[in-house]
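Enquirer: After the sequence you'll find the predicted model.
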Amino acid sequence: MTSTKETPSIENLYHLDGKISVKQAVPFGLQHILAMFVSNIAPIFIVAGASGLSSQDTAMLIQSAMLIAGIGTLIQLFPIFHKVGSGLPIVMGISFTFVSVFTYLGVAYGYNAIVGAVIVGGIIEGILGLLAKYWIKLITPIVSSTVVTAIGFSLLSVGASSFGGGSGSETFGSATNWILGSITLLCCILFNIFAKSYFKQLSVLFGLVVGYLIAIAMGAVDFSSLQNTAIIAFPSLMPFKPEFNINAIISTTLIFLVSATETIGDTSALAASGLNREATLKETSGSIACDGFISALSGLFGCMPITSFSQNVGLVAMTKVVNRFAIATGAVIMILAGIFPIFGSVLATLPDAVLGGCTLMMFGNIVISGLQMMGKAGFTQRNITIAALSLSVGIGFTQVPEIFAIFPQIIQTVFAENCVAVVFIVSIILNLVLPKNMEAHTEA
């Protein structure tokens, strides 16, 4: 009798608006936060270091990032005015896409100019999201599926880098990191094979917990950062006075356009892998609008742009858990981490190698989702040409960024190491210029 009562609740994990208990929701929400936490704060460390910010300023930005990411995730789950937010289980976080341009702008104009550019660029992206119906037709199924595939491929090196111990780590590729990454990955796989019922979908959380405990036992976890961390503190509004530098604004707005294309890809991938359907215009429009306006809000708190996290799209693709309440518990955890810095500091001690062991499979799932979307779009000669050439140029050229040396610095900053941006531009151009009836031309 008990199992009969529980079954509908368990099945509701795989439905957007299904009713589930808090006890069931929390593990899945926590799993999403652990999957993205390190990646959420890593861009802040990089940009803050390049901009010459103090450790106190960096800690404040991390706190703000968790709060804004939690608010942004809730808005994605439960749209404002049915316009801002997708209504899909999209988890938001600090975007890696802006790191290269911000490291340049931080040195050239200072962090205050970055803040001003984030506010302006975010508003522009938000407005573009609300007006998506006028331009979204450019994003055909073959374009979006190619972009999703590119997102997956671009993240594979991120997963591998984490597996090795994190880019720039003194112990990168060490035996300790190999052991931690391998054990974590193995735990995820074995738990997914042998666990029963919906517990199977907690394989990433299980792998993270086991990997973390083993890392502690091996002395690979540094708790020193917890000593001076306040238990409770509230993020500051306008901690940096915005400076509106036109060069910084133009550069940042261009990256916001790139970020919007990634959001389109993430939204398409999530709908395809988690809901087995295409994303609607309303969902895509709301998703982009949320990205933009929440990024502007992030700028008011002195922080970097917020965007949809491909890591969590990969997690949804793997678990098929799309319940909004389950993901909302994760958003609440992020907000609490923004108010209680000690909570975020504990999560920040999670070793990169442990995270890498979990993310390898997740990122691979994004690639597979993109390929499945291509299959649904159809492998016509035209579609094959668009996908093949876009991926070849996008992934190939960005592997050798020196190829962009003849272009102005702004072009190099935006495209030289951003394969998703290049894939998007090439696929859009090909989709516009290639004849619609290529098969007829080939037969002739």
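Expert: Perfect, thanks for sending it. Numbers count the residues shown, from 1 in each chain.
Enquirer: Surely residue 332 is in a helix?
Expert: Yes - according to DSSP: H, G, I helix; E, B strand; the rest coil, residue 332 belongs to a helix.
Enquirer: who touches the host helix or strand of residue 188?
Expert: Using DSSP states H and E, the element containing residue 188 is helix 175-194. Surrounding helix 175-194, the residues in contact under the criterion Cβ atoms under 8 Å, 6 or more residues apart in numbering are 162-165, 169, 171, 200, 202-204, 206-208, 210-211, 214-215, 218, 220, 351-354, 356-358, 360-361. Placement of C-beta: from N, CA and C, glycine included.
Enquirer: ok, of those, which come out buried?
Expert: Using 16 or more other Cβ atoms under 10 Å as the burial test, the contacts of helix 175-194 include 162-165, 169, 202-204, 206-208, 210-211, 214-215, 220, 351-354, 356-358, 360-361 as buried.
Enquirer: So which residue is dead centre in the chain?
Expert: Nearest residue to the geometric centre of the chain (Cα atoms, centre = their mean): residue 309, 1.7 Å.
Enquirer: Residue 92 is in contact with that residue, correct?
Expert: Yes - here residue 309 reaches residue 92: they are 6.7 Å apart, a contact under Cβ atoms under 8 Å.
Enquirer: roughly how far apart are the residue nearest to the centre of the chain and residue 290?
Expert: 13 Å (Cβ to Cβ, to the nearest Å).
Enquirer: go on, residue 338?
Expert: According to Cβ to Cβ, residue 338 stands 18 Å off from residue 290.
Enquirer: And these two? Which one has more around it.
Expert: Shown here are residue 338 and residue 290; by other Cβ atoms under 10 Å, residue 290 has more neighbours (30 against 24).
Enquirer: right, and the more buried one touches residue 77 too?
Expert: No - counting by Cβ under 8 Å, residue 290 does not reach residue 77; the two are 9.9 Å apart.
Enquirer: Could you tell me which residues touch both of those two?
Expert: Counting by Cβ under 8 Å, 6+ apart, the common neighbours of residue 290 and residue 77 are residue 85.
Enquirer: can you give me the helices in the stretch 151-300 of the chain?
Expert: In the stretch 151-300 of the chain, the helices defined using DSSP state H, counting those that start in this stretch lie at 175-194, 203-217, 246-275, 281-300.
Enquirer: what comes into contact with the second one?
Expert: The contact list for helix 203-217 (Cβ under 8 Å, 6+ apart) reads 27-28, 30-31, 34-35, 179-181, 183-185, 187-189, 191-192, 195, 221, 315, 318-319, 350-351, 353-355, 357-358, 362.
Enquirer: in the helix or strand hosting residue 432, what counts as buried?
Expert: Under DSSP H and E, the secondary-structure element containing residue 432 is helix 419-433. By 16+ other Cβ under 10 Å, the buried positions in helix 419-433 come out as 419, 420, 421, 422, 423, 424, 425, 426, 427, 428, 430, 431.
Enquirer: Centre of the chain to it, how far?
Expert: Distance of helix 419-433 from its chain centroid, counting by Cα atoms, centre = their mean, to the nearest Å, is 21 Å.
Enquirer: elements contacting it?
Expert: The elements that helix 419-433 packs onto, with contact taken as 3 or more Cβ pairs under 8 Å, 6 or more residues apart in numbering; DSSP states H and E, are helix 141-163, helix 246-275, helix 381-399, helix 409-415.
Enquirer: Let me know the angle separating it from helix 381-399.
Expert: Orientation check (axes from the mean of the first three to the mean of the last three Cα atoms, to 10 degrees): helix 419-433 against helix 381-399 gives 150 degrees.
Enquirer: What lies in contact with helix 419-433?
Expert: For helix 419-433, contacts defined as Cβ under 8 Å, 6+ apart pick out 97, 138-140, 142-143, 146-147, 150-151, 153-154, 258, 261-262, 265, 385-387, 389-391, 393-395, 397-398, 414-415.
Enquirer: one more time with 6 Å
Expert: 138, 140, 143, 146-147, 150-151, 154, 258, 261-262, 386, 390, 393-395, 398, 415 (Cβ atoms under 6 Å, 6 or more residues apart in numbering).
Enquirer: Any of these buried? List them.
Expert: For the contacts of helix 419-433, buried by 16+ other Cβ under 10 Å: 140, 143, 146-147, 150-151, 154, 258, 261-262, 386, 390, 393-395, 398, 415.
Enquirer: Thank you kindly, that will do.
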